[in-house]
Structure formats: C-alpha cells, structure tokens
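Q: Okay, sequence plus prediction incoming.
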Amino acid sequence: MGRKIYNPFSYTVCNNTYALLPHVEGSRLVTRVLEDRSEFLIEQTAYKTITGSCSFYRGSLESATLYAQKAVGVKHKPPIIIDEYYGNPLIFFPTHSPKNKESVWFNYDAIDLIESDERGGSVVYLGNGQSVCLDVSPVALRNQHSFAGSLRRYFKKAQNQHKQQLTYITKRPMPIRPRHLSD
C-alpha cells in the first residue's frame, strides 16, 4: 500500500484508528497511522495527535489522564478515554511514557491478541489482520491492555449509575384519572 504524508493537523483519532506508531521518514519523525482499512503517514508525532484529538473532542490529555488515574489507580502510562462514541469509550493506551517519541498508542478495542516473540518483545495482533512487533515486554503490554479494560468497566459502571438515577428521577406515578361511565 502506498503511504501518503498528510498535513500535520489533519488527523484526529476515531474508533477506526487502531494504532499510532512512530516512524522515521528521512530525517523526520512522523507517525504511521493504522486504521481498520488503511495505513498512512502523518507529519505530527503520536503525542501531538493524541493531544490534538483530546482537544477536538472537547477535552485534554491532562484531564483524561487524571480521570484514568482516579478510575484505575495507575500513575505511570495510564490508558485514556479520548471520546465517547455512542455510549462506548474510545480508549487508547501508550507503550511508553506518553511524551516519549518511541511510544506507540493502541486503541484498546483494536487488539485481538498480544504474544511474545523469540527476542522477548511483543507481537500485537490487530482486528484488521495486521500485526505490530514491539521491543516491549509482553507482560507489560498485557498489563497496559488490562488497565484499559478496567478503565472501560469503570466508565460503563458510572454510565449505568447515571442512567439509573435519571430513570429514577423521571419515573413519577401518573395521577389516577376518574373514568366516566357512559350509558
């Protein structure tokens, strides 16, 4: 597949975004974007893409990080909710510190399997049939993926509590109307 370089500010992650990978193009560091049916390069870094996406969806990376730290108690490399898509959180997690230029960002829902390779690194199998080889411990990567799952459960539980409260508030007994009997 031919890769195209896009405008640095032209990409926002969405539910079709599977991974953001650092990529060296000549002397420049760009980002390789893997989507469900396409792959391309953008000129901005993965970190800038994530922060820009948080801003696009009316949030910030800082607030998403604080929410995740509160939800799952992870201080280092927490997963984040970038947006909510029809009630489902769009969760990404980094493989390294978020600002680290080597950090890969994965969409939690895009991962089918994480295995170890013969060198002690990881192979991440994505839902679109692609795989990504990383120099990251599979145990560490599985932990990151597990934390993202915990964040999803926390979010869904909070979401359900809000729905129940709204349902409770809106359910009012209907007044009994007198019935008129006609002859």
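A: Done, it's in.
Q: which residues are contacting stretch 21-34?
A: The contact list for stretch 21-34, computed with Cβ atoms under 8 Å, 6 or more residues apart in numbering, reads 3, 5, 11, 17-20, 39-46, 49, 101-104, 126, 128, 130, 132. Placement of C-beta: from N, CA and C, glycine included.
Q: So which of those belong to strands?
A: Counting by DSSP state E, the part of the contacts of stretch 21-34 found in strands is Ile5, Thr17, Tyr18, Ala19, Leu20, Glu39, Phe40, Leu41, Ile42, Leu126, Val132.
Q: what's the lowest-pLDDT member of those?
A: For the ones in strands among the contacts of stretch 21-34, the weakest pLDDT value sits at Ile5, with 56.
Q: picking up where we left off before, out of the contacts of stretch 21-34, which are buried?
A: Buried members of the contacts of stretch 21-34, counted by 16 or more other Cβ atoms under 10 Å: 11, 17-20, 39-46, 49, 103-104, 126, 128, 132.
Q: Determine the set of other helices and strands touching the longest helix along the chain.
A: Counting by DSSP state H, the longest helix found in the chain is helix 138-170. Secondary-structure packing of helix 138-170 (3 or more Cβ pairs under 8 Å, 6 or more residues apart in numbering; DSSP states H and E): helix 61-72, strand 80-85, strand 88-94, strand 111-116, strand 122-126.
Q: Just give me how far the longest one sits from the chain centre.
A: Translated: helix 61-72. 13 Å (Cα atoms, centre = their mean, to the nearest Å).
Q: on that earlier part again, what residues sit buried inside the longest helix of the chain?
A: So, applying 16+ other Cβ under 10 Å, buried residues of helix 138-170: Pro138, Leu141, Gln144, His145, Phe147, Ala148, Leu151, Arg152, Tyr154, Phe155.
Q: residue ranges with poor pLDDT in the chain?
A: Counting by pLDDT under 70, the ranges of the chain that qualify are 1-10, 164-183.
Q: got the CA coordinates for stretch 147-154 in CSV?
A: Provided in CSV are the C-alpha atoms of stretch 147-154 (Å, rounded to 0.1, in the frame of the first residue of the first chain):
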residue,chain,number,x,y,z
PHE,A,147,-5.7,-1.4,32.7
ALA,A,148,-7.5,-0.1,29.7
GLY,A,149,-10.2,-2.8,30.2
SER,A,150,-10.5,-1.7,33.8
LEU,A,151,-11.0,1.8,32.7
ARG,A,152,-13.8,0.7,30.3
ARG,A,153,-15.5,-1.1,33.1
TYR,A,154,-15.2,1.9,35.5
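Q: centre of the chain versus it, how much separation?
A: 11 Å.
Q: next one: stretch 114-126
A: Put simply, stretch 114-126 sits 20 Å off its chain's centre (Cα atoms, centre = their mean).
Q: And the contacts of it?
A: The contact list for stretch 114-126 (Cβ under 8 Å, 6+ apart) reads 18-19, 34, 106, 110-113, 131-138, 141-142, 145.
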